[in-house]
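Chemist: Pasted the sequence and its predicted model underneath.
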Amino acid sequence: MPIRPANLATMSATIAGALSGMRAGRADSVRPVTVTFESGHEQVVDTGGCRALEADQGGVVAIEADAVAKYALFAGTSCQGGRAVTSGRGSVTFSQPVLAGAIVLG
């Protein structure tokens with residue numbers, strides 16, 4: 001099906017809007033997230049992507065983050081091929097410690 005010049009501007013604007021919604025701008029970049037462990041130790045994770053959590057601190061009992069921040073905790077120290085044990089958005093306190101070795105922010 002050919003693209004008509006009259007529809008090209010509408011299509012381009014629609015695609016640009018969809019792509020801008022997928023990527024965070026500088027003002028919307030991932031802000032630091034604080035992960036609290038059973039031991040009481042806190043680890044600040046300040047960038048997006050997969051990050052290893054500090055070992056020997058016990059399970060994760062809380063995550064402090066902005067309401068729009070998304071996270072996923074993984075069982076192993078790698079997120080690729082690892083099993084996600086929990087995910088969510090914003091701050092959370094777990095009723096039972098979550099044994100996790102890595103976190104992804106997005």
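Modeler: Noted; the coordinates are in hand.
Chemist: Can you mark which positions in the helix or strand encompassing Ser95 are buried?
Modeler: Assigned by DSSP states H and E, Ser95 belongs to strand 92-98. Residues of strand 92-98 classed as buried: Val98 (neighbour count, 16 or more other Cβ atoms under 10 Å). The C-beta positions use only the backbone N, C-alpha and C, and glycine is treated the same way.
Chemist: Repeat that for stretch 58-72.
Modeler: So for stretch 58-72, counting by 16+ other Cβ under 10 Å, buried means 59-61, 63-65, 69-72.
Chemist: how about the helices in the chain?
Modeler: For the chain, helices defined by DSSP state H occupy the ranges 5-22.
Chemist: pLDDT weak spots in it?
Modeler: By pLDDT under 70, the weakly predicted segments of the chain are 1-30.
Chemist: those strands in it, which residues are they?
Modeler: All strands of the chain, identified by DSSP state E, fall at 33-37, 42-45, 49-52, 60-64, 70-74, 84-89, 92-98, 102-105.
Chemist: got the CA positions of the fifth one in CSV?
Modeler: This points to strand 70-74. Provided in CSV are the C-alpha atoms of strand 70-74 (Å, rounded to 0.1, in the frame of the first residue of the first chain):
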residue,chain,number,x,y,z
LYS,A,70,10.3,1.2,37.7
TYR,A,71,12.5,-1.7,39.0
ALA,A,72,12.9,-5.4,38.8
LEU,A,73,14.9,-7.6,41.3
PHE,A,74,16.7,-10.7,39.9
